[in-house]
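Participant: coordinates only, sequence not included:
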């Protein structure tokens, strides 16, 4: 068996025009930090540790997001199509058409927005997790040729976006309610994305160990607006087997990620199909 080999090179993200003038400190001149996994077996823990060390990030605070294709941008659903101008209408109509939504007086508008997000309605939220294995699962799930895992330094991002090196728990007094910030009024004053931690009790948020970035009114992707705070790990075809073996060892599968009847049904179909 061949020993694992780390093929690491820093290169611009797909679609990038190269480095911007006065780009953020610590960003490679060629663009977003990119590490490629090319061989099996592979030490994923060591890879993430080395990436964090090179970037000067606290590994214990990193967040991850899996994409089935490396060219997919860190952009929330609301900005992937011309939906932003219809945001208030979308939110109000969802609340109107889901009868039980109005029967939860204790639920904040942020929590309701997170449920919209998890059911595929376009919002200004982007999902993240503190589990590399969970992110890797989503990257591999669609079985495309160039899956990748994005890595985020949430503390550095929030320091640049708000001036405070902290995570925000929504709802919180420092940030307005979603409805006040984007629907009824426009009280959101942060143009850059902000990382928030959810304290909500949805089964899927718990199982996926969920966080979000809340994107303001700038419609550029996170890797373009704040390149110093993200990196990506691209899984090349030669590294897919190592990634799948890693998930087996970690016990991350459909049933674990989606702890409901649908998730278990998909897992049973995969295991016995």
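Facilitator: Okay, I see it. Quantities reported herein were computed from a predicted structural model and do not represent experimental measurements.

Participant: pLDDT (mean, whole number) over stretch 66-86?
Facilitator: Across stretch 66-86, pLDDT averages out at 94.

Participant: now stretch 149-168
Facilitator: pLDDT averaged over stretch 149-168 gives 97.

Participant: buried residues in that stretch?
Facilitator: 149-158, 160-162, 167-168 (16 or more other C-beta atoms under 10 Å). For glycine as for every other residue, the C-beta is placed from the backbone atoms N, C-alpha and C.

Participant: greatest separation within the residues you listed: which pair is it?
Facilitator: Spatially, the most separated pair among the buried residues of stretch 149-168 is 149 and 162, at 25.6 Å (C-beta to C-beta).

Participant: where do the strands sit along this protein?
Facilitator: Using DSSP state E, the strands assigned to the chain run over residues 6-8, 33-37, 63-67, 125-129, 148-152, 168-170, 194-198, 210-214, 230-235.

Participant: for residue 87, which of those is the nearest?
Facilitator: Of all the strands of the chain, it is strand 125-129 that lies closest to residue 87, at 11.7 Å by C-beta to C-beta.

Participant: helices or strands next to the closest one in the packing?
Facilitator: strand 63-67, helix 109-118, strand 210-214 (3 or more C-beta pairs under 8 Å, 6 or more residues apart in numbering; DSSP states H and E).

Participant: do that again at 10 Å, thanks
Facilitator: The contact analysis (3 or more C-beta pairs under 10 Å, 6 or more residues apart in numbering; DSSP states H and E) places strand 125-129 against strand 63-67, helix 109-118, helix 132-141, strand 148-152, strand 194-198, helix 203-208, strand 210-214.

Participant: for those, which one sits closest to residue 252?
Facilitator: Nearest of the helices and strands packed on strand 125-129 (C-beta to C-beta): helix 132-141, 4.5 Å.

Participant: average pLDDT for the closest one, rounded please.
Facilitator: Here the average pLDDT along helix 132-141 is 94.

Participant: quick one, it and strand 210-214 angle?
Facilitator: 70 degrees (axes from the mean of the first three to the mean of the last three C-alpha atoms, to 10 degrees).

Participant: buried ones in helix 132-141?
Facilitator: Within helix 132-141, the residues that qualify as buried are 132, 133, 134, 135, 136, 137, 138, 139, 140, counting by 16+ other C-beta under 10 Å.

Participant: ok, so of these, who is nearest residue 86?
Facilitator: For the buried residues of helix 132-141, the residue nearest residue 86 by C-beta to C-beta is residue 138; the value is 27.0 Å.

Participant: check whether the closest one really touches residue 210, as I assumed.
Facilitator: No - counting by C-beta atoms under 10 Å, residue 138 does not reach residue 210; the two are 11.7 Å apart.
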